[in-house]
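Engineer: with the input below, show me the fold.
(2 chains)
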There are 2 protein chains.
Amino acid sequence: MKRIVILADGTYPSSERTLKILRNADLLICCDGAAEKAISRGVIPDFIAGDMDSMPIELQREYSDIIRKSDNQDTNDLTKAVDLATSFNPAQVTILGATGRREDHTLGNISLLAEYAQECPFPVDMVTDHGRFFTINDSTSFDAVPGTAISFFTFDQSLKITSKGLEYPLDEVIFDSLWKASLNIVSESTVSLEFSHPAIVLIFEAE
Amino acid sequence: MKRIVILADGTYPSSERTLKILRNADLLICCDGAAEKAISRGVIPDFIAGDMDSMPIELQREYSDIIRKSDNQDTNDLTKAVDLATSFNPAQVTILGATGRREDHTLGNISLLAEYAQECPFPVDMVTDHGRFFTINDSTSFDAVPGTAISFFTFDQSLKITSKGLEYPLDEVIFDSLWKASLNIVSESTVSLEFSHPAIVLIFEAE
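Structural biologist: Residues are numbered from 1 along each chain as shown, chains lettered A, B, ... in the order given. I've put the predicted structure just below:
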């Protein structure tokens, strides 16, 4: 199993990049609210995960063989889909459709990505029509395209980051609010970050 | 001056509620990226705030008398608009169009709302096509409609809240991730929250 794609119930993917990821999935898991939208576009998931609250009963009957229903009220449908993906031992999981409708879902899903990064033994990223969220958990370097808008988010207020390759260095940033390290610009082809201690940082690269 | 409305450069308002707020503003300030969209819909702002990077030069000439340009690179266009609104001593400021496009802008703008709540001597809320964000800063009660989806967000990980009027009480929640107190449901017509100490909490009520 190489790349599992999870389709969540936010805005349906519409950019060239997101539609390509959807098409090229080795295995596609739809959250129940997203399954109807996918099927109506001719995109048939391999599995449908969730509590099935958001799926019409006729569709549930028609697709009963690929439905993996879970009534656990402590996890949302996205986490149910990630748990199912984990059982297939994937090389990578990419989440689509996790943003763009109700803003509390958007905030929740993005912050869950930080949690998946800690819990999953494979990389998990989230691609939207506007860019890509991925996570790092310690000092690292990564390739980037100069001129790209880039933002950094963390919930660790004690973290200090020394950066290279950014128009506005992160050296003075205290992460006590989500906007503090947002809307930066990549200035070199490699971005290097040196952390004061390990911590989950979400990175958003605009498309 | 009663209610000042600020139109940011996210998704242009389209719900009945947001369009009504836009129509009924006592004074409308557009961020520069939003001004062109508003004007093309026949909505003429009283002022246009920002660094004018996102406004065509012809429009800048045509509307030069209402443009309040600021080149301060330490604040974004939304904060420039809030600063301008503050100079008019409003009773209330409502921000529209602050979400729905690039997710780093959405995260940044929502977290800036927490900052405005601390700094502004008037209430500031943010209304989207999907609901409303407002802030509280200590124990309080507020009216709500039973059945409404409601979410709570804070960056204060030491905060404890005792709640009444919610389907899932907040009493055990540790706010170490943004999803921890999201996707609750109002169960009574009054929601009461008792804080362990003053802290800014963002509340999202779904429409």
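Engineer: how many other residues sit next to the closest residue to A:Pro56 other than its chain neighbours?
Structural biologist: In space, and not counting its chain neighbours, A:Pro56 is closest to A:Glu36: 6.6 Å by C-beta to C-beta, 6 or more residues apart in numbering or on different chains. All C-beta atoms are positioned from the backbone trio N, CA, C, and that covers glycine. By other C-beta atoms under 10 Å in any protein chain shown, the residues close to A:Glu36 number 17.
Engineer: contacts for the strand or helix carrying A:Glu36, please.
Structural biologist: When elements are assigned from DSSP states H and E, A:Glu36 belongs to helix A:32-40. The contact list for helix A:32-40 (C-beta atoms under 8 Å, 6 or more residues apart in numbering or on different chains) reads A:7-9, A:12, A:28, A:30, A:44-45, A:48-56, A:59, A:63, A:77, A:97.
Engineer: whichever of these end up buried, select them in PyMOL.
Structural biologist: Only the buried members of the contacts of helix A:32-40 end up in this PyMOL selection, burial being decided by 16 or more other C-beta atoms under 10 Å in any protein chain shown:
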select buried, chain A and resi 7+8+9+12+28+30+45+48+49+50+51+52+55+59+63+77+97
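Engineer: can you dump the C-alpha coordinates of the following helix or strand past the helix holding A:Glu36 into PDB?
Structural biologist: Downstream of helix A:32-40, the next assigned helix or strand under DSSP H and E is strand A:47-50. Listed in PDB are the C-alpha atoms of strand A:47-50, where the atom choice follows Å, rounded to 0.1, in the frame of the first residue of the first chain:
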ATOM      1  CA  PHE A  47     -14.000   2.400   1.700                       C
ATOM      2  CA  ILE A  48     -16.500   4.800   3.500                       C
ATOM      3  CA  ALA A  49     -15.700   5.600   7.100                       C
ATOM      4  CA  GLY A  50     -17.700   7.400   9.800                       C
END
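Engineer: kindly export whichever helix or strand comes after strand A:47-50 (C-alpha atoms) in CSV.
Structural biologist: Following strand A:47-50 in sequence order, the next helix or strand is helix A:57-62 (DSSP H and E). In CSV, the C-alpha atoms belonging to helix A:57-62 read as follows (Å, rounded to 0.1, in the frame of the first residue of the first chain):
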residue,chain,number,x,y,z
ILE,A,57,-29.9,5.3,3.8
GLU,A,58,-30.3,4.2,0.1
LEU,A,59,-26.6,4.9,-0.5
GLN,A,60,-25.7,3.0,2.7
ARG,A,61,-27.6,0.0,1.3
GLU,A,62,-26.0,0.3,-2.1
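Engineer: buried set for the helix or strand just after helix A:57-62?
Structural biologist: Later in the chain than helix A:57-62, the nearest helix or strand by DSSP H and E is strand A:67-69. Residues of strand A:67-69 classed as buried by neighbour count (16+ other C-beta under 10 Å): A:67-68.
Engineer: do the same with stretch A:198-207
Structural biologist: Those buried within stretch A:198-207 under the rule 16+ other C-beta under 10 Å are A:199-206.
Engineer: just give me the closest of those to A:Ser189.
Structural biologist: Top of the list for closeness to A:Ser189, among these and by C-beta to C-beta, is A:Glu205 at 13.4 Å.
Engineer: measure that closest one to chain B for me?
Structural biologist: To chain B, A:Glu205 is 9 Å away according to C-beta to the nearest C-beta, to the nearest Å.
Engineer: which residues of chain A lie near chain B?
Structural biologist: A:76, A:99-112, A:114-115, A:128, A:130-131, A:133, A:149, A:151, A:153, A:155, A:157, A:176-179, A:182-183, A:204, A:206 (C-beta under 8 Å from any C-beta of the partner chain).
Engineer: now do the strands in chain A.
Structural biologist: Counting by DSSP state E, chain A has strands at residues A:3-7, A:27-31, A:47-50, A:67-69, A:92-96, A:124-127, A:131-136, A:140-143, A:149-153, A:161-164, A:184-185, A:190-195, A:201-206.
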